[in-house]
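Q: Output the structure for:
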Amino acid sequence: MMSVAQFITFLATAGVFAFIPGPAMLYAAAQTMAGGRRSGLMASLGLHLGGYAHIAAAAFGLSVLLAGVPVLYMGVKLCGAIYLVWLGISLFRSSSREGGAVELSPGSGSFLQSLTVEMLNPKTAMFYLAFLPQFISPDASVPVPLQFIILGTIVNLMFSAADLVAVMLAGLVMNRLRKSSSVQRWLQRIGGAVLVGLGVQLAVQRG
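A: You can find the predicted model right below:
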């Protein structure tokens, strides 16, 4: 496979991509603000496991189909965008009810929602398809699909580490501010606004 120098370059580049604040970190933070630290952690787990679907798709060539059929790519992207907007609106609606009961479950609900969000994000598939081949050698003794899976797993773990940092920081802020029901409702609204914003960004963003 790659040399030590190439592997260090791979780790450094992946780390830059992972820890620059992006949609996944904002999403995990929004889930934390809306439903607490447990909700954020479950959201991070859902994003992490969803990432493996894209890694497998890249390893076995399915992402090429997504990249080569614009209508399919656009359809998946719009489904993901609509789902994010729907989650954000659900938070707004729950924050308007008496007591501000959180509709997004802090347990399995947050996990399943996040798994769905990640699997419906074609930009993740395109990232793995564009980034990983730069560090894969067809002449190596390790089969190409296995190289995709190994390197993709490393990248996915680094992205999840960044998501966990976002969850912890959002949790600290939330614990300081969440002292009344009115503050709790505003935190839900902020989380909902972030989700709606991410959905709109995904829908209108090119490529």
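Q: Show me what counts as buried in stretch 149-160.
A: Residues of stretch 149-160 classed as buried: I149, L151, G152, V155, N156, M158, F159, S160 (neighbour count, 16 or more other CB atoms under 10 Å). Bear in mind the C-beta positions are built from the backbone N, C-alpha and C, glycine included.
Q: Excluding sequence neighbours, find me the nearest residue to the fourth one.
A: Of all residues not flanking V155 in the chain, A14 sits nearest, at 4.8 Å (CB to CB, 6 or more residues apart in numbering).
Q: any idea of the pLDDT on the one you found?
A: We have a pLDDT of 95 for A14.
Q: one step back: let me have the buried residues of stretch 149-160 in CSV, extended by pLDDT and distance to Q205.
A: CSV is the format used below for those (pLDDT from 0 to 100; distance: CB to CB, whole Å):
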residue, pLDDT, distance to Q205
I149, 95, 28
L151, 95, 25
G152, 96, 23
V155, 97, 21
N156, 97, 22
M158, 97, 23
F159, 96, 18
S160, 97, 23
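Q: So which of these sit within helices?
A: Residues of the buried residues of stretch 149-160 located in helices (DSSP state H): I149, L151, G152, V155, N156, M158, F159, S160.
Q: follow-up on the earlier one: report the next helix or strand after the helix or strand the residue nearest to V155 falls within in sequence order.
A: Assigned by DSSP states H and E, A14 belongs to helix 4-19. Next helix or strand after helix 4-19 toward the C-terminus (DSSP H and E): helix 23-35.
Q: Point me to the residue sitting closest to the centre of this protein.
A: By CA atoms, centre = their mean, the chain has its centre lying nearest to A24, at 3.7 Å.
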